[in-house]
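[1] Give me a model of this one.
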Amino acid sequence: MNLNFNQLYLYLFLVSITFLSSAEQEHDKIIDELFSQAMNEVENKQWHKAEKTFEQLLSKNNQLHRARVELANVYIALNKNDNAITELDKVLSIDSLPENVRQNIENLKHQAIKNKLAHSSDKEADTKLDKGHSFDGNVEFAIGYDDNVRFSFGDYFLEDDPYYDSDTIELSDGTLLIVAGDGSVYDVEGNFLFENDGTYNLDAIDKGSRFTETRLNLFHEYSFNSPSKVKWSNTLNIKSINNLDFQTYSKFQIKADSAISLKINNQFGLGALVHYRVLKRDGNTQVKSHGIDTHFTYLNDLGSWQLGLQWLQRNYKESMIERENFYYFFDEVDSRTKNISIKWSKLFKNNRLLLLAKFDYSDTQEDIPYLDPEFESSDHTGIKYSAAAVYSLTSDIKVSLTYINLTFDYSDYYIYFGEQKDVSKAIKSKITYNFNQNLDVYLAAEYVNRTSDQYEGISSNKSLAKIGVRMKF
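    Numbers count the residues shown, from 1 in each chain. Predicted structure coming up:
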């Protein structure tokens, strides 16, 4: 009896193996038949049929890289060059791809890009002037945590001053002392007296908060029908940050840019941009600014080189800031800045890696309505270093890393003595996943630090992380 059961089990096992093998063979047969059918349709230039057949083939097995390349060829024949580039990028993202095969696919991708540009040029030539406009936009929603909502990067407003993070202590003789959370003791006029040795116990100031961030980005571009390849572009950005654990320190910002660019030839280009900014904090307008940015671009084998000249006018509004248990005031300031910049950028690793470096030098004149006319104006310089890298891990995943170092030097301003600098540094990172043409998801983090000799030599920092979605329209 046991022998019969063993024989039965062996029989069923052999049948199942045979069945699975037959099913696999049948699946492979279907794949082979679809591929042959698609190639036959390509040979007969039945592009639309070939398109559907290759798409059906890849839906059954998305690892068929040869079929994906053939589908890209079909897309090129149908002038669907964006689709072709997308499919080719998926194949190019394979690290184990042989170099000769990669080069052939790169050549095919360049052909698709060239066809796209040629098709766009032909389309523009047939388009009337009043139809040369294009519009684009996206909306972003993010939620995150900021461990220091008071922090301000290289800005006139620095609310991290320990003079504000303090309690007032009245001594037995009536003397008032300002005891800061960092262990410093000041008199009521803000002059540093001595370090707190533990005599005064203060709770740590709570600066962290969860927050929500909403952005609206609108873009407009107009291409003139002229041999000089002139483009006019406009951008509107609206950003709102609301803290969930505080009733204060919210921000609302509007940015508007209008730029015109001229491509002289394949090596040289000119551009000019005018911009307007408004920053509100806790519902009050704090800063308004406008400016002009002009630049000259030169392209060669080493990359893109850009020389820029900028002028900026800012007005910091007089304001009274109310916090939990005190009030303080910001004076109105009129600020004028002249800036010169040099920027370099270049693509590497089959256009998957973008590197960028930028240097800025600025000279700022500020008018402050002090009671003493001798101190009504200040002059300081600034140096800013920026570096960024953007890398496409795959056709759908991008990562970026940015470093910024900004130093303002007030040493020549005669109300200070000795070296007086305000140094801000930032490291920012971001990873973005593209679900489809209309939806991105991203995760961002940053660490920033600021040391200011003007604010009693304080050093402050913050860390921030957020996750968000970007919906395009």
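[2] Just to check, Lys317 is in contact with Val287?
    Yes. Contact status for Lys317 versus Val287: in contact at 7.2 Å, counting by Cβ atoms under 8 Å. Any C-beta I mention is one placed from the backbone N, CA and C, and that applies to glycine too.
[3] Between these two, which has more neighbouring residues?
    Using other Cβ atoms under 10 Å as the criterion, Lys317 and Val287 rank with Val287 on top: 19 against 15.
[4] Quick one: mean pLDDT over stretch 239-249.
    Per-residue pLDDT over stretch 239-249 has a mean of 89.
[5] That one: which residues count as buried?
    Lys239, Ile241, Asn242, Asn243, Phe246, Tyr249 (16 or more other Cβ atoms under 10 Å).
[6] buried set for whatever helix or strand Ile254 lives in?
    Assigned by DSSP states H and E, Ile254 belongs to strand 251-263. By neighbour count on 16+ other Cβ under 10 Å, the buried set for strand 251-263 is Lys251, Phe252, Gln253, Ile254, Lys255, Ala256, Asp257, Ala259, Ile260, Ser261, Leu262, Lys263.
[7] Give the bridge partners for Ile431, please.
    Val399, Leu443 (DSSP bridges).
[8] for it, what are its contacts?
    Ile397, Lys398, Val399, Ser400, Tyr442, Leu443, Ala444 (Cβ atoms under 8 Å, 6 or more residues apart in numbering).
[9] Repeat that for Lys280.
    Lys251, Phe252, Gln253, Gln286.
[10] out of those residues, who's nearest Glu33?
    Gln253 (58.8 Å; Cβ to Cβ).
[11] Now distance to Asn40, neighbour count and pLDDT too, for the contacts of Ile431, in JSON lines please.
    Below are the contacts of Ile431 laid out as JSON lines (distance: Cβ to Cβ, whole Å; neighbours: other Cβ atoms under 10 Å; pLDDT from 0 to 100):
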{"residue": "Ile397", "distance to Asn40": "36", "neighbour count": "13", "pLDDT": "93"}
{"residue": "Lys398", "distance to Asn40": "38", "neighbour count": "19", "pLDDT": "93"}
{"residue": "Val399", "distance to Asn40": "42", "neighbour count": "14", "pLDDT": "96"}
{"residue": "Ser400", "distance to Asn40": "45", "neighbour count": "16", "pLDDT": "96"}
{"residue": "Tyr442", "distance to Asn40": "44", "neighbour count": "18", "pLDDT": "97"}
{"residue": "Leu443", "distance to Asn40": "46", "neighbour count": "16", "pLDDT": "98"}
{"residue": "Ala444", "distance to Asn40": "49", "neighbour count": "18", "pLDDT": "97"}
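[12] Go through those and name the one nearest Gly303.
    Ser400 (17.9 Å).
[13] In space, what's closest to Phe435 - neighbours in sequence excluded?
    Spatial nearest neighbour of Phe435, excluding adjacent residues (Cβ to Cβ, 6 or more residues apart in numbering): Val441 at 6.6 Å.
[14] how many other residues sit next to the one you found?
    13.
[15] Does it belong to a helix, a strand or coil?
    Put simply, Val441 is strand when judged by DSSP: H, G, I helix; E, B strand; the rest coil.
[16] Pull the strand holding Ile254 out as PDB, backbone CA atoms only.
    Extracted C-alpha coordinates of strand 251-263, given in PDB (Å, rounded to 0.1, in the frame of the first residue of the first chain):
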ATOM      1  CA  LYS A 251       6.200  82.500   6.300                       C
ATOM      2  CA  PHE A 252       4.600  83.500   3.000                       C
ATOM      3  CA  GLN A 253       6.700  84.300   0.000                       C
ATOM      4  CA  ILE A 254       5.900  85.500  -3.600                       C
ATOM      5  CA  LYS A 255       8.600  85.500  -6.400                       C
ATOM      6  CA  ALA A 256       8.000  86.800  -9.900                       C
ATOM      7  CA  ASP A 257      10.600  86.600 -12.600                       C
ATOM      8  CA  SER A 258      10.600  87.700 -16.300                       C
ATOM      9  CA  ALA A 259      13.600  86.800 -18.500                       C
ATOM     10  CA  ILE A 260      14.700  87.200 -22.100                       C
ATOM     11  CA  SER A 261      17.500  85.100 -23.600                       C
ATOM     12  CA  LEU A 262      19.300  85.300 -26.900                       C
ATOM     13  CA  LYS A 263      21.200  82.400 -28.400                       C
END
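[17] in its sheet, what does it sit against?
    Applying DSSP bridges, one finds strand 251-263 paired with strand 230-243 (antiparallel), strand 268-281 (antiparallel).
[18] Export those as JSON lines, with columns for distance to Asp409.
    JSON lines is the format used below for those (distance: least, Cβ to Cβ, whole Å):
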{"stretch": "strand 230-243", "distance to Asp409": "30"}
{"stretch": "strand 268-281", "distance to Asp409": "24"}
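[19] Out of the ones you listed, flag the one nearest Val139.
    strand 230-243 (9.9 Å).
[20] In a helix, Asp197, correct?
    No. Counting by three-state DSSP, one finds Asp197 to be coil, located in no helix.
[21] Pull up the per-residue confidence for it.
    75.
[22] How about Gln310?
    pLDDT, Gln310: 97.
[23] Can you classify it as helix, strand or coil?
    Gln310 - assigned by three-state DSSP - is strand.
[24] Show me what it bridges to in the sheet.
    Asp293, Asn339.
[25] re earlier: now the two most distant members of the contacts of Ile431.
    Ile397 and Ala444 (14.3 Å).
[26] one step back: from the contacts of Lys280, which is closest to Glu70?
    Gln253 (48.7 Å).
[27] Report the contact partners of the closest one.
    So Gln253 contacts Asn237, Ile238, Lys239, Ser240, Arg277, Val278, Leu279, Lys280 (Cβ under 8 Å, 6+ apart).
[28] for it, which residues make a bridge with it?
    Lys239, Leu279.
[29] Could you say which helix or strand holds the closest residue to Asp146 other than its chain neighbours?
    Closest residue to Asp146 apart from its sequence neighbours, by Cβ to Cβ, 6+ apart: Leu464 at 4.6 Å. Here Leu464 sits within strand 458-472, counting by DSSP H and E.
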